[in-house]
Structures are given as C-alpha cells and as structure tokens.
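*Asks:* Predicted model and sequence follow; I will ask about them next.
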Amino acid sequence: MQSEGTSVPPELRSAALETIIVTARLRQEDAEAVPISLSVVNSGTLQETYTNNISQLTSLVPSLNYVSPNPRNTAFTIRGLGSSVVAVSQSNDGLEPGVGFYVDQVYHGRPATAAFDFVDLDRVEVLRGPQGTLFGKNTTAGAINIVTKAPTFDRELNAEVSAGNLGYYQAKASLSGGLIDSLVAGRISAITTGRDGVIRNVTTGQDVNDVNNSAFRAQLLVTPSAAVKIRFTGDYSSVYTDCCTQVYFTVGTSLKPPARQYAALAAGLGYAPPSLNPYDRLTDIDAALKVATNEGGLSAIADWNLGAATLTSVSAWRFWNWDAANDRDYTRLSIQTVQHIPSRQDQYSQELRVASNGTRRVDYVAGLYWFGQTITGEPITQYGPLAAYWLLGKPPAIPGNLLDGYLTDGHTRFHSDSYAAFGEATWHATGRLNVTAGIRYTNEQKDGRFDSTVSGGLATPTPAQLTSQLSILRPQSYTAHVSDGSPSGRLNLAYSWTETVMTYASLARGSKSGGINMSGLPLNAANQPALTTAVIKPEQNTTAEVGVKTRLLDNRLLLNVDVYETTVRDFQTNVVDSGPGALRGYLANIDKVRVEGAELDAAFAVTENLTGHLSAAYSDGKYVSYKNGPCPLELISSTTTVCDLSGKALSALPRWVESLGGEYAHPVSVAGIAGQAYLQGELQTRGKMFGEPSDSQYAVIDGYSVVNASLGFRQRGPWEVALFVRNLFDKNYMQNLTVQAGNSGLIVGTPSDPRTYGLTFRAKF
C-alpha cells in the first residue's frame, strides 16, 4: 500500500516485495506483523548468494557474528552476546550457548553442530534478544531458527552442480513427491562440498585447511486426516578435513624478562616462521592435523488441529561426534606434539505445545519442554623435547627433557536435564494496539566429572623440577553439581499507526543456569587446582528495545529500525589463565556487560527487475565491571596476574557491520531460448574488533569489506546457469586470532579465504 500523497508511476506498480511468512512465534505470520527484531533470509536469497552455512550467513545478517577456529570451537553471537569462544581449545562442554540453534523446531545443544552445511532450506530466521517464552530452550542472546523444505505431494526434483578454482566443487539435490496418494509424501535431500587447502605447510609440502563436507536428510509426511499431520525426519552430516591450523600474524611483547619472550626464544633455536606475512598463507607445523566430526538424529513432529487451537508434539534424539588433531604451538618446533579431545554428545528432547488458531481477542501459545544431554570426552595433550625450553627456561636451570613426552590423559562426563513450562499471550486491545506478555520457568540439573592423570617427561625430577612440571600439567579430579531454577519473561506493546506502519516497545528478561568447568581448573597461588572455580554463577540478561516496521511506496520499500540496550549480569564466558606456562581455558563470570546499539533492515524493489536489500548494525559493547579479567599480552609478567578490564570493549564485536545487495534481471532470448539474464552482488563491511577477550593491542582484527557476485541466465523453465565469485577483489583479512600457548608473544590467526570463482548449473523438474 502506498504512502499518502505519494504518486507511483503505473509501470512500477507491479514491482512489489513479496510477503515473508515466518514462524518466529510458532504460528505463520507476516514478518512485518511480528513486533520483535528479526532478520529473515529465504531460500531464494540463500541460493542466489551461495550461502551454504552459518559463517556465510553473517554476510546477510549484520547482527550475527560467527567465529570458528575449528568446528568444535564454533561460536556465534547476536549483538555480541552468546558463546564466547574466540580461539582453538577454548570450547567448554559445561558452557551453555547463549544463542539457541534450532532446525525444524529441534534445539541443538552444541554450537559445533552449526558448522555443518545447510541442506535444502526454506528460510533462516534470526531473532535478536532473549527468547524462551515461545521456544523450547531458554536462550539469553537470541535464536537462529532454521526451517527446511517439507515433503510435498506434488513431484519436485531439484539439482545443482558447481565447480571452480582451488578444486572447489559442490553438488546438491532434492526429490519430493507423494508415496501414497493424500496420505504419505517423502523428501530426500543431499549436499556435498569440497575444496583444496588454502594454507601451504612447508614442512610436509601439503595444502591444509581444506573442505570436505557432506549432509543428507530424509523425511516422511503422513496426513491420516485433514486435521492431523506427522513429519518424520532423519539426517546425517559430516566433516573430514586436514584442518584447522593458523599462520603467523604478529609478535607482541610482554612484561616477562626478554629471555622468556618470543624473539629470544626463537633466536636461541635459530627459528624463523616460513613467512611474516599472514596472507602468504604458509605454515610449518610438524604435528598431525585433522578434523573428523559428524552429527545427526531423528525427529517426529505431530500437529493436531483441534479447531480453536493446534496441539503440537516435537520429539527428537540427536548425536554429535568429534575428534581432531592440532599442533597447538603452530610451528615446526616440537613444543606441543599432541592435542585432541575425542568427544561424544547425545541429546533427547520432548516438547508439547498448544497454540491458538487464527486471530482472536487473545492469541496464545503454551508448552512444556524437557531437554537432556550427555557429553563425554577424552582430552589428551602431550609435550615434546623443546617444551621445557620454550615454556619454563633454558638449561641447566631447567633440564631440556623435563617435559619431553609429558602428557595428560583425561576423562570427562557432563550431563544436564532441563525442564520448563512456558507461555505467551497477545491481547488485541484495540484494532491498533496489541499487548503481549510471556513467562517461562526453567529448572536445570547439571552434573560434571573431570579426571586427568599425567605421565611421561623426566623420570626422576627433583621436587623443584616436579613443581615446574605440575605448573604445565597437573592431575585433577573433581565433580560438580548445579541445581537451580529461574523465571524469565517478556512484555511487548505494539501499535499500528496505519496498515503499513507499526511501532513496538519490549522489555525481555532471559537467564541461564550455572555452568560447570569441564576443561580443568585454573591453579591458585599455591599451584593447586582452584576448586572454587568448578561452578560458575547463573547469567541474567535484560534487554529493552523499541522499533518501527514499515511497508512504504506501494509495498516497494520495506524499512525496519530498532534501538536496544542489553545488560548482562554474571556473564558466562571462557577466559584464559595468563600464567607462566601453558594457556588454560576455563569458565568464569564477568560481573556486568552492556551492549547498546541500533539496527536497520531494508528491502526495496526499484522496478520489477531491480531489487535489493540493505542491513546495518551498530553495536557498542563494554565490560562494565570485570575486575578479575585475564591480562592482555602486554601486561603479562612472570607471575600469574589478573587485570581490571572494566570499561574495555567487548571482544569479537565490531562496532559497525553493513550489508548491501541487489539483483538486476533483464528479459533476453539466447539461441531462441527465452529467459532472464541477471547480475547479482553483495557487499559486506565490518569494522575492526578485538580478536581475544583481554583486548590486547596486539590482537586487533582490522575492518574489511568483501564483495561477492554472480552473473547468470535463467530459462523460463527448468534450468539456470551462472558464473559466481566470492571475495571478488581478493581482499585479505583475518577471521580470528589466537595467542600461542605459553604467552611467548607469538600471535597466530586464520586468514581469509582467497578469491573463489566458478560455474553453477541448476535444474528443476
């Protein structure tokens, strides 16, 4: 509907934007009628922009940030909040993610499962701020709601094949159709993706950090009556790669004696990295490197339309397996020779929900939810013949073989059960004013057990030498238990000024129960495990937000804007012990964190053939109170210290992120074949940010801009062909940074993928 007083030429009146239907509130609604801040990316946009995973989705959703030094350490944040993992070996099984990750209404308990490729999606909804009065699992920072394409009774076959430089290939296919008329329909979908390594290991002559992913999904839709439908799903995804290492980025200086810093240590061994330019993409690691991970599961979703309401049951079992090998010193020096954490997660969930149908004076959703998971792991770390020299000191004060073969072998088990009741109701007070209130109560029980032993190294150390060994690896054995319950809720007011302009204001409260340290404990002043750190406190998030949603110019312009303030008390995060030896990641609370910001989402149709979108996010995140934080490299001395980071910027959060994209299509005829030629492109710009939690001046990731584009031809029928390019201008930037074990001063990182281009063929039958 056009704005009053605006004249739209007749030739442009057909250039209307499509209505986007979402299920963010567990019923089908126009996204513009939902009074919360959310971004929606439909299947067409995912296909046109070659968006195959969460990492690539961040190019389209500026408020979503994603870091993945390797799949197990995958972390995604919304507005800078969520899982705080920014480096290898910082994932902790006892940390509950702050951003919920859902696929077809099933919550995934481990962020690592978001590292797999998308399979046959209908859309992705990214909801910002605390969720829980509608979703099964309570989440404090937001939710990523993935909706896959359902089985259809009409026959449908889609296929896509791509090939490009760097050995890139991808193949996708889906087949859907009726199996028993009006009773059973099925759908199968698959994807496989590969690419050569983009980092050269000069020690082995191999290219590493390659891609080798595959995924499969099978579904059955059973409709025994017009009122009942049941959807069964089974899926499996895998990643098997020679991944994931990092390259030299820079060297910083600390307050340690010069002899204990990188320059002197490297000079004493005559060592130099293969390149001082990270964008040469060279490494010289000498230890094994691999990623072997897979996940999958079964689910059943039953909907029973009772007339006034629909009763829904969501039952699911999922698993995740992980194993990897890392060279944690990131050099050809034999400092750390083995590090991997074979892990297994199994989760079960059951949700029962009732939701009103249609629009009544009061619309409602209410439900009960249970989620249980068990995670077991076997962390293994072993040091080599140069470890004592690099981490402790030079001979004769420290025997050179003190840590040679010194290793820890651990066993962990984490189990949690979460029980919740939730509900939300919307009162249509007038034809223009809607009042929504929601509440949730969650009770969680968590149990953790950690056991590790040490062996190897110098067989008969003196008491002083034994103390030095134990400062690097110490046997630990402890158990911990968390039992707590917490309410959360939301209050929302929405007012429609016209049929196309709505404003809203909301106040939401989210909470996470206490966590358990499952990666070992930091050491206290007596060089003993600090048992008081085994459990961390619950986290509480309060978000206030106001926004406006509009459809203007005869539905050719969609413009949504919101501003918000989020305060988190006892923010749960991973920190790194800045002691003199190995870096230990463990869980801790930050007293108070605040993020303030504004977001803009726009879509426009200039003509029927020229469309585009613009999104932007401004975020100002700070540690309001963080008196016992880890020290940045430049303030680390030879003794364990803590630093007051109050007032410092929240890490891994750029202040500005913008995304601009569009497509121009023009009718053409090629060799008598009628169709459309099109040019599509996206530009993403991200500001600089701190690459590790202590805000070290040496770990700043500079801002960058990346352009992706495609040029193609769509037949007015079943097929399409396109040339594509990602990172068109071959922009160099760092994806993440990691401080080397031992705080020598070496900082490494993962450089951007170089320009990738190729050809895609798509067909529909």
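*Replies:* Looks like it came in fine.
*Asks:* contacts, neighbours, all on C-alpha from now
*Replies:* Will do.
*Asks:* Helices of the stretch 301-450 of the chain, start to end?
*Replies:* For the stretch 301-450 of the chain, the helices defined by DSSP state H, counting those that start in this stretch occupy 387-391.
*Asks:* How about the residue nearest the centre of the chain: what's its closest non-neighbour residue?
*Replies:* Centrality entry for the chain: nearest residue to the mean C-alpha point is residue 76, 2.8 Å, by C-alpha atoms, centre = their mean. Leaving out its chain neighbours, the residue that sits closest to residue 76 by C-alpha to C-alpha, 6 or more residues apart in numbering is residue 66, at 4.3 Å.
*Asks:* Which helix or which strand is home to that neighbour?
*Replies:* strand 64-67 (DSSP states H and E).
*Asks:* From the contact counts, what lies against that strand?
*Replies:* helix 54-57, strand 75-78 (3 or more C-alpha pairs under 8 Å, 6 or more residues apart in numbering; DSSP states H and E).
*Asks:* Neighbouring strands of it in the sheet, and parallel or not?
*Replies:* strand 75-78 (antiparallel) (DSSP bridges).
*Asks:* Dump the strand it pairs with to PDB, restricted to CA.
*Replies:* Extracted in PDB, the C-alpha atoms of strand 75-78 (Å, rounded to 0.1, in the frame of the first residue of the first chain):
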ATOM      1  CA  ALA A  75      30.800 -19.800  18.400                       C
ATOM      2  CA  PHE A  76      28.100 -17.400  17.200                       C
ATOM      3  CA  THR A  77      26.900 -14.300  18.900                       C
ATOM      4  CA  ILE A  78      23.900 -12.000  18.300                       C
END
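*Asks:* Let me know the next secondary structure element after it.
*Replies:* strand 81-82.
*Asks:* Distance-wise, check residue 763 relative to residue 516.
*Replies:* Distance from residue 763 to residue 516, counting by C-alpha to C-alpha, to the nearest Å: 50 Å.
*Asks:* Looking at the two now, which is surrounded by more residues?
*Replies:* More neighbours surround residue 516 than the other of residue 763 and residue 516, with 28 against 17 (other C-alpha atoms under 10 Å).
*Asks:* Which residues are in contact with that one?
*Replies:* 94-95, 446-448, 480-482, 534-536, 587 (C-alpha atoms under 8 Å, 6 or more residues apart in numbering).
*Asks:* Tell me the most packed of these, by neighbour count.
*Replies:* Busiest of the contacts of residue 516 [other C-alpha under 10 Å] is residue 587, holding 28 neighbours.
*Asks:* For the stretch 551-700 of the chain, just list every one of the strands.
*Replies:* With DSSP state E, counting those that start in this stretch as the criterion, the stretch 551-700 of the chain has strands at 557-577, 584-605, 610-625, 656-670, 673-686, 689-690, 700-701.
*Asks:* contacting residues for the closest residue to residue 664 other than its chain neighbours?
*Replies:* The shortest distance from residue 664 to any non-neighbouring residue, by C-alpha to C-alpha, 6+ apart, is to residue 610 (4.5 Å). By C-alpha under 8 Å, 6+ apart, residue 610 lies in contact with 662-665.
*Asks:* show me the contacts for the residue nearest to residue 76.
*Replies:* 54-55, 58, 74-77.
*Asks:* what about it, distance to residue 752?
*Replies:* On the measure of C-alpha to C-alpha, residue 66 and residue 752 end up 14 Å apart.
*Asks:* May I have the phi/psi pair for the closest residue in space to residue 37 that isn't next to it in sequence?
*Replies:* Take residue 37 and drop its neighbours on the chain: the residue closest to it by C-alpha to C-alpha, 6+ apart is residue 128, 5.8 Å away. Backbone geometry at residue 128, expressed as degrees, to the nearest 10, gives phi -100, psi 140.
*Asks:* Residue 128 touches residue 61, doesn't it?
*Replies:* No: the criterion here is C-alpha atoms under 8 Å, and residue 128 misses it with residue 61 at 10.9 Å.
*Asks:* Mind putting the contacts of residue 610 into CSV with neighbour count and pLDDT?
*Replies:* Shown next, in CSV, are these (neighbours: other C-alpha atoms under 10 Å; pLDDT from 0 to 100):
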residue, neighbour count, pLDDT
662, 20, 94
663, 19, 95
664, 18, 96
665, 19, 94
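*Asks:* Quick one: these as a markdown table, columns for distance to residue 43 too.
*Replies:* Listed next are the contacts of residue 610 as a markdown table, based on distance: C-alpha to C-alpha, whole Å:
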| residue | distance to residue 43 |
| --- | --- |
| 662 | 15 |
| 663 | 15 |
| 664 | 18 |
| 665 | 18 |
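*Asks:* Quick check: the two most widely separated of the residues you listed?
*Replies:* 662 and 665 (10.1 Å; C-alpha to C-alpha).
*Asks:* distance of residue 438 from residue 41?
*Replies:* 26 Å.
*Asks:* Of all pairs in the contacts of residue 66, which one spans the longest distance?
*Replies:* Farthest pair in these, by C-alpha to C-alpha: 58 and 74, 13.7 Å.
*Asks:* With neighbour numbers in mind, choose between these two.
*Replies:* residue 74 (25 against 18).
*Asks:* all strands of the stretch 201-350 of the chain, in order?
*Replies:* Counting by DSSP E, counting those that start in this stretch, the strands of the stretch 201-350 of the chain are 206-208, 211-225, 228-241, 247-251, 282-283, 290-305, 309-325, 336-340, 343-356.
*Asks:* Neighbouring strands - and their directions - for the shortest one?
*Replies:* In the sheet, strand 282-283 lines up against strand 199-201 (parallel) (DSSP bridges).
*Asks:* same deal with the longest one?
*Replies:* Strands flanking strand 309-325 in the sheet, each with its direction: strand 290-305 (antiparallel), strand 343-356 (antiparallel) (DSSP bridges).
*Asks:* can you check the second one too?
*Replies:* According to DSSP bridges, the neighbouring strands of strand 211-225, each with its direction, are strand 184-195 (antiparallel), strand 228-241 (antiparallel).
*Asks:* Downstream of the longest helix belonging to the chain, the next helix or strand is which one?
*Replies:* Scanning the chain for the helix with the most residues, using DSSP state H, yields helix 463-472. Per DSSP H and E, the first helix or strand lying C-terminal to helix 463-472 is strand 476-496.
*Asks:* Measure how the next helix or strand after that next one sits relative to strand 557-577, angle-wise.
*Replies:* Next along the chain after strand 476-496, taking DSSP H and E as the criterion, comes strand 501-512. Counting by axes from the mean of the first three to the mean of the last three C-alpha atoms, to 10 degrees, strand 501-512 lies at 20 degrees to strand 557-577.
*Asks:* mind checking how far stretch 444-453 is from the chain centre?
*Replies:* Relative to its chain's centre, stretch 444-453 lies at 25 Å (C-alpha atoms, centre = their mean, to the nearest Å).
*Asks:* residues in contact with it?
*Replies:* Stretch 444-453 is contacted by residues 94, 408-419, 474-485, 513, 515-520 when judged by C-alpha under 8 Å, 6+ apart.
*Asks:* That stretch - what's its average pLDDT?
*Replies:* Stretch 444-453 shows a mean pLDDT of 95.
*Asks:* Low-confidence stretches in the chain?
*Replies:* Along the chain, segments meeting pLDDT under 70 span 1-16, 24, 83-91, 525, 527, 576-585, 640-641.
*Asks:* Number of residues surrounding residue 271?
*Replies:* Residue 271, neighbours per other C-alpha under 10 Å, totals 13.
*Asks:* Over to it: give its phi and psi.
*Replies:* Per degrees, to the nearest 10, the backbone of residue 271 is at phi -100, psi 140.
*Asks:* Please consider this matter closed, and thank you.
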